[in-house]
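>>> fold the following for me, if possible:
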Amino acid sequence: MSSNIRASNVRVLLLDDEPTNLHLRTAILRQHGYHCIPASTIEEATEVFNSIDIAVLDYHLGSGQFGTEVATSLRRTRPHVPIIILSATLERHFGGAEDMHLLKGYSSVDDLLAALSALEAKRRGVPVVVDARDFFYSRIAMAIGSDVLVQIFDDRGIWMHCNDAAADYLGQSRDWFPGRCVFDEMPTLMRDWREVLKTVSLTRETYIDRTRRGLLALPKTGEQNVTWSVLAFPITLHDNRSGVVLTARILERTPSLYA
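This is a model prediction of the structure:
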């Protein structure tokens, strides 16, 4: 069964008070075969509670109203209906009635489609295994900044995550890193961060690299006059172990005297 045929049987409530967003999101999901029921107010959404399979709710609805209120009401009325909250904020902790939270501006159309597919499979009783590690770590990396090289390790130097900027800088695809050990894979390319990772993970204290040398044992071509800011700080990993976020960004490039 193709995904579009399967999606055509799924009725999705889309709630958003912004007409342009609602129209665009409806058009995109319909293109992918979903039967969309758009609503611009809580009242409109509430009226169709009994005829939907999944709800996609915008968080900020204006006039002091929030999608989480709708989520709570829907969960009370039909507890088995999966709910996705779309928001533009990282400041609020979403741990209530909703099943998933997607961050607007960072989560792509593919993220929404993947979430719908997974939750729809869950609704049908199909066993779904969702590996949320990349979602968890990528949101941390996004909060730090896409222009910063971000790597997340456990205390043994095993990569948990590498953002696009760091992956590109180290010459591998982002998917190549998770599960590999930096000391085995890049023993000469990277500086030896063994003691830093171990110490930060153990002490839970932040390390500021005063050398300004960057991540590599030897600078890349054209980086001889680059000043780096490298920081390592502790993090609790997805499995509750202690880990380390290693960040690096260029502070300044000093023009060469012989350029």
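
>>> which residues does the residue nearest to His238 when sequence neighbours are not counted contact?
Using CB to CB, 6 or more residues apart in numbering and skipping the chain neighbours, the partner closest in space to His238 is Arg133 (4.9 Å). Every C-beta, even on glycine, is put in place using the N, C-alpha and C of the backbone. Arg133 makes contact with Met160, His161, Pro178, His238 under the criterion CB atoms under 8 Å, 6 or more residues apart in numbering.

>>> in helices, which of those appear?
In helices, judged by DSSP state H, none of the contacts of Arg133 are found.

>>> pull the most distant pair out of those residues.
Distance extremes for the contacts of Arg133: the farthest pair is Pro178 and His238 at 11.0 Å, using CB to CB.

>>> so what sits against both of those two?
With CB under 8 Å, 6+ apart as the test, Pro178 and His238 both reach Arg133, Met160.

>>> all strands for the stretch 51-200 of the chain, in order.
For the stretch 51-200 of the chain, applying DSSP state E, counting those that start in this stretch gives strands covering 54-58, 60-62, 65-66, 83-87, 100-103, 149-154, 159-162.

>>> dump these to TSV, plus mean pLDDT, mean neighbour count and distance to Thr20.
Output for the strands of the stretch 51-200 of the chain, formatted as TSV (pLDDT from 0 to 100; neighbours: other CB atoms under 10 Å; distance: least, CB to CB, whole Å):
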stretch	mean pLDDT	mean neighbour count	distance to Thr20
strand 54-58	90	25	12
strand 60-62	84	16	14
strand 65-66	84	16	19
strand 83-87	83	23	14
strand 100-103	71	20	18
strand 149-154	95	25	33
strand 159-162	93	24	34
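
>>> of all the ones you listed, which lies closest to Val196?
strand 149-154 (9.7 Å).

>>> roughly how far is the closest one from the heart of the chain?
Remark: strand 149-154 is offset 14 Å from the chain centroid, using CA atoms, centre = their mean, to the nearest Å.

>>> please apply the same query to stretch 165-183.
17 Å.

>>> pLDDT below threshold where in this structure?
Residues of the chain meeting the criterion pLDDT under 70: 1-8, 89-98, 103-108, 121-132, 255-259.

>>> what angle sits between the longest helix along it and strand 83-87?
Ranked by residue count and defined by DSSP H, the top helix of the chain is helix 109-123. Counting by axes from the mean of the first three to the mean of the last three CA atoms, to 10 degrees, helix 109-123 lies at 160 degrees to strand 83-87.

>>> okay, buried residues for helix 109-123 please.
Within helix 109-123, the residues that count as buried by 16 or more other CB atoms under 10 Å are Asp111, Leu112, Leu113, Ala114, Ala115, Leu116, Ser117, Ala118, Leu119, Glu120, Lys122.

>>> tilt between that helix and strand 54-58?
Using the same axes, to 10 degrees: helix 109-123 against strand 54-58 is 140 degrees.

>>> elements contacting helix 109-123?
Where contact means 3 or more CB pairs under 8 Å, 6 or more residues apart in numbering; DSSP states H and E, helix 109-123 is packed against helix 3-7, helix 19-31, strand 54-58, strand 83-87, strand 100-103.

>>> may I see the buried residues of the second one?
Counting neighbours by 16+ other CB under 10 Å, one finds that the buried residues in helix 19-31 are Leu22, Arg25, Thr26, Leu29.

>>> and those residues as JSON lines, adding distance to Lys198?
Shown next, in JSON lines, are the buried residues of helix 19-31 (distance: CB to CB, whole Å):
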{"residue": "Leu22", "distance to Lys198": "51"}
{"residue": "Arg25", "distance to Lys198": "46"}
{"residue": "Thr26", "distance to Lys198": "51"}
{"residue": "Leu29", "distance to Lys198": "47"}
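
>>> quick check, nearest of those to Val200?
Distance to Val200 across these (CB to CB) is lowest for Arg25, with 41.6 Å.

>>> for the closest one, give its distance to Glu69.
20 Å (CB to CB, to the nearest Å).

>>> Ala88 too?
17 Å.

>>> ditto for Glu252
Taking CB to CB, one finds Glu252 at 48 Å from Glu69.
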